[in-house]
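next comes the sequence, and after it the predicted model I'd like to discuss.
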Amino acid sequence: MAKTKKKTDNRKKKAALKAVKYFFLILLAIVLMVGALIAGAVLGARNSAPELTSANILPTSDPTVILDDAGNEIIQLSSRGARKTEATSDEVPELLKWAYIDLEDERFYEHNGIDLKGILRAAYMNLTSDSEEGASTITQQVIKNNVFETGGKERSFGSRLKRKIQEWFLATELEKEMSKDEIILNYMNSIYLGSGNYGVKEAAQYYFGKELSGLTAAECAVIASITQNPSAYNPSRYPDENWKRASKCLRNMLKNGHITQEEYDAAVNEDVYSHIIAIANQTAGSSIYSYYVDALIEQLVEDLTNECGYSYPQAYNAIYSGGLTIYSYQNMTAQEIIDREINNENNYEGIDTSYSVSWNITINRADGKIDYYNQAHMTRDKKIYYGEDWTLDFASKEEADACIEEYKAYLLHDGDTIVSENIYYTLQPQASFTLMDYTTGRVLALCGGRGEKETSLSLNRATVTRRQPGSVFKITAAFAPALEMGSCTLATTFDDEPFAYLDSGKNISNWWGDSYRGLSSIREGIRDSMNVVACKTLLYIGASNCVSFLRSFGYKSIDEADGVMSTALGGITNGVTNLENCAAFSAVANDGMYLEPLYYSKVVDKNGNVILDTSMTQDIHRVISVETASLLTNAMQDVVTSGTGMACAIDSAPLAGKTGTTNDYRDLWFVGYVPNGLCSAIWVGYDENMTVDQNNEVQKAFYSAIMDPLVSALGKSGGEFTLKGNIITATICSKSGMLSNGDCSSDQAGSTLKTEYFKAGTVPSYNCFVHKTVKVCKKTGKIANKYCPETEDKVIRMRIDLLDYLNLSNYTHDGSTPDSPYVLTQTCTEHNENTTTTTTTPTTTTEETTTTEDTTETTEEEETTEEESSSEDESQEPEGEPDSE
């Protein structure tokens with residue numbers, strides 16, 4: 001029995017060993033097969049790699065063509081049109097070379113073109129953190145930027161892996177053909193460094209006004225830091241972002257022994273961004289692109305990197321020298337009208353033209369020290385001498401020159417010499433305008449500034465500059481969310497009265513002054529841009545709810561901290577762009593559907609391949625319902641016909657829109673649209689955030705002067721706004737926004753019943769809570785008690801709104817409003833149980849009866865006179881078009 005069991009166990013062991021043996025044989029076979037496949041793929045990728053020659057290591061220079069919406073050429077982009085001058089090895093300082101190596105490829109002189117340690121480190125960082133680490137060596141970047149035809153247009157993992165294998169192979173080959181110093185020089189001469197500059201030599205001149213040999217360690221770090229993303233790390237536009245990377249570069253240079261501790265301390269304490277020339281001179285013969293082309297280029301760079309996998313240097317190389325054809329949506333007829341009117345002095349009537357100044361100077365002191373100064377230093381010192389009211393704003397260029405000469409006399413001492421000086425003037429106030437087709441999201445035209453455009457990729461006030469939106473935000477932050485959430489309707493009322501922010505206690509006043517209009521509907525709040533009504537609306541629906549709506553409307557810089565009441569009036573953390581306002585209101589015009597703004601339809605490479613097609617990638621999503629959009633449009637028509645935007649009206653078509661003015665008239669806005677597909681936004685203000693002339697809302701007539709001819713020229717005249725979706729009407733009380741309780745038609749000032757539009761299902765189900773019939777003592781005019789001898793029924797108003805139901809602490813209705821005369825809160829105290837007057841009239845003589853009747857008649861006449869007086873007081877409240885907002 002024992003022997004049989006032993007034999008059985010042996011058989012089981014043999015079977016198990018056999019199974020293990022077969023498993024490992026199968027596994028080995030799989031490994032060999034996979035290895036063979038990988039080896040074959042690697043070999044195939046290697047064999048199909050582009051040929052590496054001394055010629056194709058240099059960047060190509062095929063110009064890119066941009067076409068307008070009619071297919072006509074607008075401009076050619078080329079590296080020849082950009083600023084590009086190659087530096088020799090003798091010209092490049094060691095500090096700049098090490099800045100690039102220490103930031104981009106610390107083991108550059110150790111690897112053979114592929115940095116295995118870097119690859120493993122990047123893989124570990126990407127797996128264990130939210131950061132995205134790259135592992136491409138400088139040699140690989142030279143291959144990537146110059147050898148591959150148009151860069152990484154591969155979209156699948158397989159094609160990208162093939163490309164990476166080819167890149168590794170060619171990098172090792174290049175290391176055999178060129179020395180390390182030749183590779184790094186090629187790299188520094190071919191990279192794009194923002195603002196139309198190719199190579200470090202042009203960057204040194206553009207940003208610092210000096211030759212390469214004169215760069216400090218800090219300046220070298222600034223230039224090296226641009227490379228990874230020339231838009232996001234542009235030091236003249238985004239110095240804070242650039243410094244994050246530049247400071248990392250300096251730390252690496254110190255760690256690797258390429259600068260001393262003393263040099264590092266000097267570099268991090270150097271006011272390097274004050275050296276930067278804010279507006280650089282264009283080289284002779286170079287092109288100055290329009291604001292539209294500037295915006296298109298920046299969008300194209302983002303699309304090439306996000307959709308096609310290009311690196312930023314690759315994207316810029318493709319745009320300027322890849323031979324692309326870009327089919328833009330720019331309408332030249334519209335562009336010409338906008339440019340003409342933005343620069344028409346008549347549209348700035350009532351505002352004195354002035355000049356702001358961008359100025360910098362480099363001084364070589366007698367002791368050999370180099371000092372830099374710019375307009376920021378001048379402003380600081382002038383304020384100390386002349387007071388805080390001094391501004392960098394001059395009535396003429398001559399006045400500006402005289403101020404600068406005075407300041408130079410203060411700066412210069414015996415033995416000092418001026419190394420360089422630059423001064424540029426900018427007309428003020430400035431303006432921007434954006435035009436979109438709201439049915440497609442196409443940006444038809446835009447203007448980013450007033451005056452002659454002196455550089456390409458310069459400050460674009462239509463797409464880059466962020467300003468406070470003012471009352472434009474009442475629509476997108478308060479009223480649109482309130483209607484969409486079903487919390488409110490256009491009929492919903494809030495008491496326009498003295499009111500304060502709950503957190504700070506700061507009073508919220510209306511734009512017209514310290515008076516208030518009492519119980520007012522959201523429709524009236526939109527028409528007359530009522531601050532208190534907007535703030536109470538946002539408070540009622542929950543201020544934090546505005547954040548998600550604003551982001552859905554396309555505002556990219558909205559912060560979580562913006563979920564507060566002041567956002568209803570446009571007081572936000574980061575500001576918005578003109579284009580964002582235009583796109584947000586386009587969503588309302590487009591029945592609540594947001595369409596991402598598009599500058600172009602497609603991009604075709606030089607071989608005829610479509611590498612970008614925006615119809616496949618455009619962000620389209622619903623923000624609000626068709627019904628909410630229709631109701632907002634209907635209310636915003638009132639803004640133009642009888643509210644704050646009457647001066648914006650145009651003859652060619654009906655217009656809906658919203659005005660916006662920030663505190664102290666620093667930012668003036670109007671955003672509007674017509675029935676036939678056009679939406680536009682205008683902004684007027686000073687670059688230095690100064691006050692535009694008080695009460696001069698120049699943007700309103702300005703908008704009309706641009707939009708009227710635009711609508712006609714583009715064939716969009718006429719048409720009517722129609723209510724879409726499931727919209728119904730209902731009769732409500734205008735003081736409560738609710739159904740009539742039977743007393744509303746007997747209001748002392750006249751019937752308050754009106755017809756309003758509602759989204760089906762949102763008609764109020766409650767009766768009016770404002771009106772109430774009470775018995776009033778005829779003698780005292782107060783609420784009667786049971787002892788008052790003579791009383792009458794009278795309809796009074798209760799000052800109550802939806803916030804009364806939120807149980808807010810210390811929420812009371814204070815201050816005088818037009819409702820006050822019709823509010824009774826006091827009860828008669830003259831009549832009581834001790835008074836001799838009774839409610840039963842005793843038997844009297846005819847003479848006594850006549851006297852009593854005469855007295856009663858006199859009381860009624862007095863009451864009628866009091867009512868008439870109250871009605872006249874209410875009619876004195878401001879109505880119609882206000883002077884400012």
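That came in fine, so what should we check first? Because the structure is predicted, anything quoted here is derived from the model rather than measured.

residue 633 and residue 721 touch, don't they?
Yes: assessed by C-beta atoms under 8 Å, residue 633 is found in contact with residue 721 at 5.5 Å. Using the backbone N, CA and C atoms, a C-beta is placed for each residue, glycine as well.

give me the beta-bridge partners of the residue nearest the centre of the chain?
Central residue of the chain (C-alpha atoms, centre = their mean): residue 576, 2.9 Å from the mean position. When assigned by DSSP bridges, residue 576 has beta-bridge partners residue 467.

measure residue 763 to residue 727 for me?
11 Å (C-beta to C-beta, to the nearest Å).

can you pull the residues that touch both of residue 633 and residue 721?
residue 656 (C-beta atoms under 8 Å, 6 or more residues apart in numbering).

when those two are compared, which one has more neighbours?
Neighbours were counted for residue 633 and for residue 721 using other C-beta atoms under 10 Å; residue 633 has more, 22 against 18.

local confidence estimate at the residue nearest to the centre of the chain?
Per-residue pLDDT puts residue 576 at 98.

hang on, it packs against residue 470?
No: with contact defined as C-beta under 8 Å, residue 576 does not reach residue 470; the gap is 10.0 Å.

common neighbours of the two, please.
Common neighbours of residue 576 and residue 470 are not found (criterion: C-beta under 8 Å, 6+ apart).

ok, residue 376 - contacts?
Going by C-beta under 8 Å, 6+ apart, the list of residues near residue 376 reads residue 274.

checking it next. Helix, strand or coil?
Recorded secondary structure, residue 376: helix (DSSP: H, G, I helix; E, B strand; the rest coil).

per-residue confidence at it?
For residue 376, the pLDDT comes out at 85.

what about it, distance to residue 311?
For residue 376 relative to residue 311 (C-beta to C-beta), the value is 34 Å.

cool, and residue 509?
Look at residue 509 and residue 311: by C-beta to C-beta, they are 52 Å apart.

one step back: got the contact list for the residue nearest to the centre of the chain?
By C-beta under 8 Å, 6+ apart, the neighbours of residue 576 are 466, 467, 468, 469, 555, 557.

ok, of those, which come out buried?
466, 467, 468, 469, 555 (16 or more other C-beta atoms under 10 Å).

what is the nearest of the residues you listed to residue 246?
Nearest to residue 246 among these is residue 466, at 23.2 Å by C-beta to C-beta.

residues contacting that closest one?
Per C-beta under 8 Å, 6+ apart, neighbours of residue 466: 557, 574, 575, 576, 577.

grab the nearest non-local neighbour of it.
Setting aside the residues directly before and after it, residue 466 is nearest to residue 575 in space (C-beta to C-beta, 6 or more residues apart in numbering), at 3.3 Å.

where does the residue lying closest to residue 175 once chain neighbours are set aside land in three-state SS?
Nearest residue to residue 175, sequence neighbours excluded (C-beta to C-beta, 6+ apart): residue 113, at 4.3 Å. Classification of residue 113 by three-state DSSP places it in coil.

quick one: contacts for residue 113?
Residue 113 is in contact with 137, 139, 140, 168, 171, 172, 173, 174, 175, counting by C-beta under 8 Å, 6+ apart.

all strands for the stretch 501-650 of the chain, in order.
Counting by DSSP state E, counting those that start in this stretch, one finds strands in the stretch 501-650 of the chain at the ranges 507-508, 518-521, 593-595, 600-604, 610-613, 620-622.

just checking, what packs against the fourth one?
Under the contact criterion of 3 or more C-beta pairs under 8 Å, 6 or more residues apart in numbering; DSSP states H and E, the helices and strands touching strand 600-604 comprise helix 291-308, strand 325-328, strand 610-613.

which elements pack onto the last one?
Read that as strand 610-613. helix 291-308, strand 600-604.

repeat that for the longest one.
Counting contacts by 3+ C-beta pairs under 8 Å, 6+ apart, helix 291-308 is packed against strand 73-77, helix 312-321, strand 325-328, strand 442-447, strand 600-604, strand 610-613.

tell me the mean pLDDT over it?
What helix 291-308 shows for mean pLDDT is 93.

so which bits of it are buried?
For helix 291-308, by 16+ other C-beta under 10 Å, it's 291-301, 303-305, 307-308.

do the second one as well
Residues 325, 326, 327, 328 are the ones in strand 325-328 that count as buried (16+ other C-beta under 10 Å).

quick check: phi and psi on residue 373?
Here is the backbone geometry of residue 373 (degrees, to the nearest 10): phi -140, psi 150.

correct me, but it touches residue 380?
No: contact criterion C-beta under 8 Å: residue 373 and residue 380 do not qualify, at 10.1 Å.

these two: who's more crowded?
Applying other C-beta under 10 Å to residue 373 and residue 380 shows that residue 373 carries more neighbours, namely 20 against 9.

just give the nearest non-adjacent residue to the more buried one, would you?
For residue 373, ignoring the flanking residues on the chain, the nearest one in space by C-beta to C-beta, 6+ apart is residue 361 at 5.2 Å.

what strands line up against the helix or strand harbouring that neighbour, and which way round?
Using DSSP states H and E, residue 361 maps to strand 354-364. Paired strands of strand 354-364, with direction, are strand 370-374 (antiparallel), strand 393-394 (antiparallel), strand 417-428 (antiparallel) (DSSP bridges).

now do the phi/psi pair for the closest residue in space to residue 763 that isn't next to it in sequence.
Nearest non-adjacent residue to residue 763, counting by C-beta to C-beta, 6+ apart: residue 730, 4.5 Å away. Backbone torsions of residue 730, given as degrees, to the nearest 10, read phi -150, psi 150.

residues contacting residue 730?
The contact partners of residue 730, taken as C-beta under 8 Å, 6+ apart, are 739, 755, 756, 758, 763, 764.
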